[in-house]
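**Student:** I need the structure of the sequence given here:
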Amino acid sequence: SEAGDYTYAGYIKYRTPDGENIGTKPFEFNFKVARPAVTIAATRMNVLYRSLLNPVSISVPGVPSDNLEAYCTNGKMYKQGDQWVIEPNELDNLGEKTKVIVTANFNGEKRQMGEMAYRVMRVPEPKATLAGMNTGKITRELLRVQQGIFARLEDFYFDLRFEVTSFDMTVPA
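**Tutor:** The predicted structure follows:
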């Protein structure tokens, strides 16, 4: 019932080959008991983003994934194939109210395996870029070889793309 190092020891009694006497043999076995372990990891970032489907991997060593349940304290959490998805409701820049809590089912008994706090951030505003720039002057030659105007999310590593549907451009006379 407690984590730590333990020893299991005793004696084995056996009948000797002559069949009349009893012999004994001592044994000792050392073992460790570990606390329950769980791995919870946002598969794309160490934060969650509001208004996005945030994939999360969850595993508990020695427990089949079918025996795991998880929930999030800020939004919806559900399983999609082999992966979990979180849709946070509220921003939580400090990670104080957004926790993922995992339980495992052991023969009908649910046991909490662990929890992890996450920050919930806003998706940054996309910036229109042309030739990798969002402001400044561009030469006519460089402008001619561009394939279009793209929306870029600065300092954002989640796989999310915006499509530019319109833009304003100023050309000096």
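**Student:** strand partners of the helix or strand bottoming out on mean pLDDT in the chain, parallel vs antiparallel please.
**Tutor:** Within the chain, no helix or strand scores below strand 39-42, which has a mean of 73 by mean pLDDT, DSSP states H and E. Within its sheet, and counting by DSSP bridges, strand 39-42 is paired with strand 54-59 (antiparallel).
**Student:** Give the buried residues for the helix or strand that the strand it pairs with is followed by.
**Tutor:** Per DSSP states H and E, strand 54-59 leads on to strand 68-72 as the next helix or strand towards the C-terminus. Buried residues in strand 68-72, defined by neighbour count with 16 or more other CB atoms under 10 Å: 68, 70, 71, 72. C-beta here means a position set from N, CA and C on the backbone, and glycine is covered the same way.
**Student:** quick one: least confident of those residues?
**Tutor:** When these are compared by pLDDT, residue 68 scores lowest at 92.
**Student:** Please name the residues that touch that residue.
**Tutor:** If you count contacts by CB atoms under 8 Å, 6 or more residues apart in numbering, residue 68 has them with 58, 59, 60, 102, 103, 104, 105, 113.
**Student:** just checking, the fourth one touches residue 40?
**Tutor:** What that stands for is residue 102. Yes - checked against CB atoms under 8 Å, the pair residue 102 and residue 40 is within contact range at 6.3 Å.
**Student:** Quickly list what's touching both of these two.
**Tutor:** With CB under 8 Å, 6+ apart as the test, residue 102 and residue 40 both reach 58, 70, 114, 115.
**Student:** List the beta-bridge partners for the last one.
**Tutor:** Bridge pairing for residue 115 (DSSP bridges) gives the partners residue 101.
**Student:** In contact with it, which residues?
**Tutor:** 40, 99, 100, 101, 102.
**Student:** follow-up on the earlier one: please say which of residue 102 and residue 40 ends up with more neighbours.
**Tutor:** residue 102 (23 against 20; other CB atoms under 10 Å).
**Student:** Okay, strands next: where are they in the chain?
**Tutor:** Using DSSP state E, the strands of the chain run over residues 4-15, 22-33, 39-42, 48-49, 54-59, 68-72, 76-80, 83-87, 99-106, 109-117, 120-121, 127-129, 150-152.
**Student:** ranking the ones you listed by burial, who's on top?
**Tutor:** strand 48-49 (a mean of 24; mean count of other CB atoms under 10 Å).
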